[in-house]
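1. Could you look at this predicted model? Sequence included:
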Amino acid sequence: MWVRWAPCARRVVRLDVKAPKRLLSTQPPQADLLSKTTRNIGIVAHIDAGKTTTTERMLYYSGYTRRIGDVDEGSTVTDFLPAERARGITIQSAAITFHWPPQEPGAKPPQIPASFDSISPSTFPHNVNLIDTPGHADFTFEVLRSLRVLDGAVCILDGVAGVEAQTEKVWTQAGNYQIPRIIFVNKLDRVGAAFSRTVKEIGVRLHGWPAICQIPWWKGGNGDFVGVGDVVNLRGMLWQPGGDGRDIQAFDLEELEKTNATFAEEVKKARVALVEILSEHDDAMVESFLEHDEDHLAIPALHIWQSLRRVTLQPSQAVIPVFAGASFRNIGVQPLLDATVDLLPTPLERPDPEISISGQSSTLSALLGAGANAKPVKSSKKPQDSKNSDSLAIPEVKNLAACALAFKVVNDTKRGVLVYVRVYSGSLDKGSTLYNTNLGVAERAPRLLKMYANDAVEVDSIGPGQIGVITGLKHARTGDTLIVYRGLQMKGTPAGGLNTLQLRPINVPPPVFFTSIEPQSLSEQKHVHESLAILLREDPSLHLSIDEESGQTHLAGMGDLHLEIARDRLLNDFKAKARIGKIEIGYRETITSATSPYTYELDKPIAGKQAKATTTASVEPADDSAIIPGTQTETKPESGPFETTFTLPDNNTLTVSHPNLSRHDSASHKNHIPPHLSLPGILHALQAGASAALARGPFNGFPVANTHVHIDLDASTHLFPDTTSTALSMASRAAINASLRSSMSASQPALMEPVMNATIFVSESSLGAVVQDISSARGGQVLSLDGSDSLTSSTSNDDLPRIDPNLIYTPPDPFASGTGDMGSGLADSQRQIVARVPLKEMVGYLNHLRALTGGRGTFVMAVDGFEKMASQRQKEVLESMREF
Ligand SMILES: Nc1nc2c(ncn2[C@@H]2O[C@H](COP(=O)(O)OP(=O)(O)OP(=O)(O)O)[C@@H](O)[C@H]2O)c(=O)[nH]1
């Protein structure tokens, strides 16, 4: 008999997870309950593994769509296709909310249970916020920005291709954020599907012990994939062939033994293996095993789910629950949804989010806790560089009503700019004033939305742990921290250093490609610049620089695909009329000698008003010869009271010495600075001037790197009654430009080039040719080769467990094609090469690699740093640029 997937078919689960210190434990009970029934999850997958196909089924079974969208017909909700854009539905949906399990139509929403200690979470409707995670390697920053708002992740693998390069990379990144993950082995209906080989690859390449919760059920001599063996509940589940996947037949072990004894036997073997692996990582499982007379089959499913949840939520996840299915055939998605709710954490169970405040790192609950106990202090003279928790005792924290992260900005043709936020503490209310700590501006949140599959529903507030959308914001960008500070005026600034509060700050990697953009006519200029401004709000890993003298605009990004997509957005979506240049490598230039101080005096009308300012600057080369990626964020470390140091992009620093202006004593400033200026304003103007000067060096117009800039600010002689911020910026830019020129004419400047860390996957037979090509033709340096002596992966993290694939239980793979090297667990004796190679040599590498490997080689790469080029190479590069 075929039955619908129903709560009664599930199991009872008692949850007793030991969660870390709870961030939201002080919130009102209602919000607490809501958080308990919320899952903020992402689906991570290699391109084409079936992310969209699976998401479509999730939306269908949860009742949010009436028919299953088909990727190949272009009828899905989450893919951003031109047709959808025309209809104005979801474009690039950054997050979609649905309920699982679905509520019966017309039924009263059940009351949220006080706890899930004795019932399974998946028997009660949960809010699932599905957050988009991009699949392409070029978008490392994009992946990071979405990972940091996830509480858990479902990783989809292609059952034919196994663990692919990009999956491995995102898996490691998710691990760095301690995001609990479960795996769905998809596409098991395809010819050549190899569940067992994939499971072994999980162990070897993702460094976790696979806990097989389902095994594939193939029927008939040609291996039709029809369902799964449910290892936890000891049953077989068959999906109605050709149906929409709602109707399922379940057989207990006794029935299975009569009809398919071999499969029943395999389910039992898998159960033994599951209990064994759980026992190794969870003491409670051992107790249950002993209580049940050491009979693996006698342990109730309840205990197994509890144990799976505990091990999944362990901080360094050593055990990975594995599920099986074929989304395209509508097989396996409902149990996967149940597992998502049952095994992945609530927002309450996540580690306290990291923050930075006034240049020091901490966690949000440490800040809120320390602030709650803080006593008011009379002045803020206390130095803020001490790392102890006392320095977090900021009395103003009591005014911090809410704290949220804008994790994605999307320009929607119908609704305008949508800012997706995750709230970490407090509630964001409609109409509240949000202070953006990245930009230092306040703006009102006029409308709040919750995004469902096809609808946006207006809401009055977005509570703690929740995801939602703000529309009508003019400034907020992807990655900005937004806070609600009680009593803040529109032009005001939150006190106590809260204006610097950053949630989960991430470093934007340095851009390595750039292109020039030129409006087709003067009348197009405004539209082009406005469109670029929206693009930059959507994606802050794009960088824009405008050279005021030549009027040239350069857009820089992380990869050629990254810039190509930006170009398409600009021309096709924004209909901007602009000429876009060739995509080129973003070199850096650097100085090799120090200069003596140079003084520039500005005395001229600016915007019709006379302005005057003086700046004295000098430059010297920084010690390091390479730029480490991740130095892009502009921070303001505290130095002495009479000196301020800014860390600028590309390993540059700016130190401003201001001997007669102390940062802690604003009273005496009155004698030295004009009343309309403030020290923070002056420093900001000088920094803006320095950033502009360093954005284009005098040698070849590339950004300047590895340079230390020093500005001496003598307030009594450099500032005048008609000094303005703009005049100061212009003077500092001119003084630094002159210093750079003088250094470059005194000694030959150097070019620096981006060097990539590439992980290349090839079969054994093409290893030699690829290594040879990388190390001789491309001037790369091979860092490691795996497979020969050890089972390593592309991650250089030696702390990760090395797992012997021979110790992993797997059911047989009767229909797998190809031999596969089961000994190592790596498909077809796949080998991997980790190498450092100049980016210039990797342009167009994929085609070359395919030619060398018969089309089977793949690779991922990320910027490792910038390196000074040898003079011969520098000469060649400069010559080839001139030719161009
Ligand atoms: N045979 C089979 N094909 C599948 C299955 N799931 C997905 N596909 C197909 O695989 C292709 C890629 O599926 P998508 O769902 O677009 O994969 P994706 O991971 O979203 O891909 P990107 O959006 O490119 O990252 C499509 O042609 C699907 O029809 C499956 O279970 N079985």
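-> It's in.

2. Now do the same for the most far-flung residue of the chain relative to its centre: its pLDDT.
-> The C-alpha centroid of the chain is most remote from Lys258, which lies 49.6 Å away (C-alpha atoms, centre = their mean). Per-residue pLDDT puts Lys258 at 94.

3. and if you look at Asn233?
-> pLDDT recorded at Asn233 is 93.

4. That one - nearest residue in space that isn't next to it in sequence?
-> Of all residues beyond its chain neighbours, the one nearest Asn233 is Ala301 (4.8 Å), with distances taken as C-beta to C-beta, 6 or more residues apart in numbering. Every C-beta, even on glycine, is put in place using the N, C-alpha and C of the backbone.

5. Just the element for the residue farthest from the centre of the chain, please.
-> Secondary structure assignment for Lys258, by DSSP states H and E: helix 253-259.

6. Contacts for that helix next, please.
-> Leu234, Arg235, Gly236, Phe251, Phe263, Ala264, Val267, Lys268, Leu297 (C-beta atoms under 8 Å, 6 or more residues apart in numbering).

7. which residues does the last one contact?
-> In other words, Leu297. Contacts of Leu297 (C-beta under 8 Å, 6+ apart): Leu234, Leu253, Lys268, Arg271, Val272.

8. if we can go back for a sec, any idea how far Thr858 is from the residue farthest from the centre of the chain?
-> From Lys258 over to Thr858 the distance is 46 Å, taken as C-beta to C-beta, to the nearest Å.

9. Spatially central residue for the protein, please.
-> Leu144 (1.5 Å).

10. per the record, what domains does the chain have?
-> 30-109+117-230+320-343, 354-371+391-503, 513-584, 598-627+636-748, 752-814+823-883 (the TED database).

11. can I get those in TSV with distance to the ligand and mean pLDDT?
-> TSV is the format used below for those (distance: least, C-beta to the nearest ligand atom, whole Å; pLDDT from 0 to 100):
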stretch	distance to the ligand	mean pLDDT
domain 30-109+117-230+320-343	3	82
domain 354-371+391-503	16	89
domain 513-584	13	85
domain 598-627+636-748	31	87
domain 752-814+823-883	14	79
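
12. The ones you listed: which one's closest to Val286?
-> For Val286, the closest of the domains of the chain is domain 30-109+117-230+320-343, at 15.2 Å, according to C-beta to C-beta.

13. Please identify which helix or strand holds the spatially closest residue to Pro811 that is not a sequence neighbour.
-> Among residues not flanking Pro811 along the chain, Ile215 sits closest, at 4.6 Å (C-beta to C-beta, 6+ apart). Using DSSP H and E, Ile215 falls within strand 214-219.

14. same question, Ala688
-> helix 679-695.

15. Over to Arg145?
-> helix 140-147.

16. So which residues make contact with the helix or strand that comes right after that helix?
-> Going down the chain from helix 140-147, the next helix or strand is strand 152-158, by DSSP H and E. Defining contact as C-beta under 8 Å, 6+ apart, one finds that strand 152-158 is touched by 39-46, 48-51, 54, 133, 147, 163-164, 167, 170-171, 174, 179-187, 198, 202, 336, 340, 343-345.

17. ok, of these, which come out buried?
-> Neighbour counting with 16 or more other C-beta atoms under 10 Å marks 39-46, 49-51, 54, 133, 147, 163-164, 167, 170-171, 174, 179-187, 198, 202, 336, 340, 343-345 as buried within the contacts of strand 152-158.

18. residues contacting Ala273?
-> Ala273 neighbours (C-beta under 8 Å, 6+ apart): Ile212, Tyr809.
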